[in-house]
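Asker: Any chance you can model this:
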Amino acid sequence: MYPYVLEQLVGLNVKVIGGRICCSNLPDIPDIPLMTVVDLQTKQCLFCAETIQAQAIKCRFCGEFLNSKKARAVEADPEPNSPLSEDDETDDAILFAANPSLLGMAPAMVKGLFFLVAAGLLIKLPLEIMVENLLSLNLTGSQALAFGRYRVIAGIGLATLVVLILVIKTVKLKMIYYEVTADRIEWERGIFDRKVDNLDMFRVIDLKMRRTVFDVILGIGTVALITTDKTDPEFAFEKVRDCRLLYDVIKKASLEADKQNRVIHME
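Answerer: Below is the predicted model of the structure:
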């Protein structure tokens, strides 16, 4: 179509050679490209095919990183059903997974045991007789009987309340689940209303490990993170086993994530 238009409007002797329009009777006119490409500085996401900025390293639609090993594997082999190698799957491999240890309930159990002992004494000891002798009171039979009845009810109520609190704390603790991969940290919690949150590994600024004397004896600990995440600026793995291993895993993974995403944390 283009050679025909040029011949009719301009009167040139036009030929198409190798995808270019050439004018044989005007040697001083350079070749005119048949098509020109306009760079709109956008590209398609390798995973969801949405249009994103050309300089983007993370897709705003699907949340995948475009500079990871997984992205390089997809770019090299775009077949959707082609299996990834072991190195490509390491980004999604679980590096650490755990629930908070029940040993973390030891302080609460000690307090609960103290109140249970108090409830048992309240039920068993004849406090009305002790109070009557101590204060030199002359209680009638009905008054002493009522005092003893209320004493037993108070003891049973205290013991029930303590046991209920300990059971709720134990269930809530065991319903927490932590999972760490090379890219992110995920945790679940809740009894009837389960919630799942995640934290990108490159957002971790600093981490600390805390262990009390009882934690050292029981073999547990807490790993606390300081992050740039607006939802969870501070996050802690509460009372987990192998806390030193978790500390080393997160430290190494966060450094690798910073290197891959070219993130520099300013102090």
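Asker: Could I get the full set of strands for the chain?
Answerer: 14-17, 20-23, 32-33, 42-44, 51-53, 94-98, 177-181, 184-189, 195-200, 204-210, 220-227, 234-241 (DSSP state E).
Asker: now the helices: where do they sit in the stretch 101-250 of the chain?
Answerer: Under the criterion DSSP state H, counting those that start in this stretch, the stretch 101-250 of the chain contains helices at 106-124, 127-135, 141-174, 213-218, 243-261.
Asker: Among the ones you listed, which comes closest to residue 184?
Answerer: Distance to residue 184, taken as CB to CB, is lowest for helix 243-261 among these, at 8.8 Å. Yep, even glycine has a C-beta here, placed from its N, CA and C like the rest.
Asker: Averaged pLDDT, that closest one. What do you get?
Answerer: For helix 243-261, mean pLDDT rounds to 90.
Asker: go on, stretch 113-128?
Answerer: Per-residue pLDDT over stretch 113-128 has a mean of 87.
Asker: likewise stretch 96-103?
Answerer: Stretch 96-103 comes out at a mean pLDDT of 90.
Asker: residues in contact with that stretch?
Answerer: Residues outside stretch 96-103 that contact it (CB atoms under 8 Å, 6 or more residues apart in numbering): 170, 173-174, 176-180, 218-220, 237-242, 245-246, 249-250.
Asker: if we go to 6 Å?
Answerer: Applying CB atoms under 6 Å, 6 or more residues apart in numbering, the set of residues contacting stretch 96-103 from outside is 173-174, 176-180, 218, 220, 238-241, 246, 249.
Asker: isn't residue 159 right up against residue 120?
Answerer: No. With contact defined as CB atoms under 6 Å, residue 159 does not reach residue 120; the gap is 7.3 Å.
Asker: Setting aside sequence neighbours, what's the nearest residue to residue 104?
Answerer: Nearest residue to residue 104, sequence neighbours excluded (CB to CB, 6 or more residues apart in numbering): residue 239, at 2.7 Å.
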